[in-house]
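Enquirer: sequence-free structure coming up:
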């Protein structure tokens with residue numbers, strides 16, 4: 001009888017050990033499953049989470065077949081520089097989506113994308129700026145700068161942008177320039193409508 005109890009306890013212990021092993025060995029997942037997981041994560045977060053975990057994950061992250069989708073939220077200059085140097089620069093050929101919070105230089109982005117990110121499919125960003133409506137020169141300069149994003153390079157890729165002028169009573173006037181989702185006539189008509197908006201009551 002004692003022998004049977006010992007065997008049952010041994011089986012139970014092995015079952016518990018097996019459960020613990022299964023839970024604690026994330027790195028035993030097949031590469032395909034790991035790639036699926038990475039597909040749902042932002043590229044920056046994936047690098048920060050898995051790059052120093054072990055050599056296998058380091059290899060999988062740096063695999064040239066893994067496309068990267070990067071989202072840069074508002075962060076400090078040092079964080080942005082660190083991410084740029086450690087993630088963007090060594091992987092420009094793999095970036096297929098890039099989301100940025102505050103760029104507004106169409107010519108610089110066009111050169112960067114043409115030379116270093118030819119496979120980029122999605123380009124999202126927002127740019128906030130304070131523009132005085134009573135200063136026509138500054139307003140014209142602002143409009144000329146954002147109109148550079150409406151050239152052939154941007155239209156060929158169906159990367160479409162809009163902007164709004166926001167006037168808040170008692171506050172400095174603000175303008176928001178941002179990317180919008182393409183592929184609809186309604187979006188195109190909104191683009192031109194938004195271009196003419198001079199103030200919003202909030």
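Expert: Alright, I've got the coordinates. Model, not experiment: these values are computed from the prediction.
Enquirer: Can you list the residue ranges for helices in this structure?
Expert: Ranges of helices in the chain, per DSSP state H, are 2-24, 31-40, 43-50, 55-61, 77-83, 106-116, 136-147, 152-156, 185-196.
Enquirer: rank those by pLDDT, which is bottom?
Expert: Per-stretch mean pLDDT for those is lowest at helix 185-196 (a mean of 34).
Enquirer: Pull out the buried residues from the lengthiest strand in the chain.
Expert: Assignment by DSSP state E gives strand 122-130 as the longest strand of the chain. Neighbour counts over strand 122-130 (16 or more other C-beta atoms under 10 Å) mark 123, 125, 127, 129 as buried. All C-beta spots, glycine's among them, are computed from the backbone N, C-alpha and C.
Enquirer: nearest to residue 151, of those?
Expert: residue 123 (13.6 Å; C-beta to C-beta).
Enquirer: most centrally placed residue in the chain?
Expert: residue 71 (2.0 Å; C-alpha atoms, centre = their mean).
Enquirer: which one is it nearest to, not counting chain neighbours?
Expert: Using C-beta to C-beta, 6 or more residues apart in numbering and skipping the chain neighbours, the partner closest in space to residue 71 is residue 99 (4.2 Å).
Enquirer: ok so, going back, for the longest strand of the chain, give me every contacting residue.
Expert: Here strand 122-130 makes contact (C-beta atoms under 8 Å, 6 or more residues apart in numbering) with 69, 96-104, 109, 113, 142, 146, 157, 159, 172-179.
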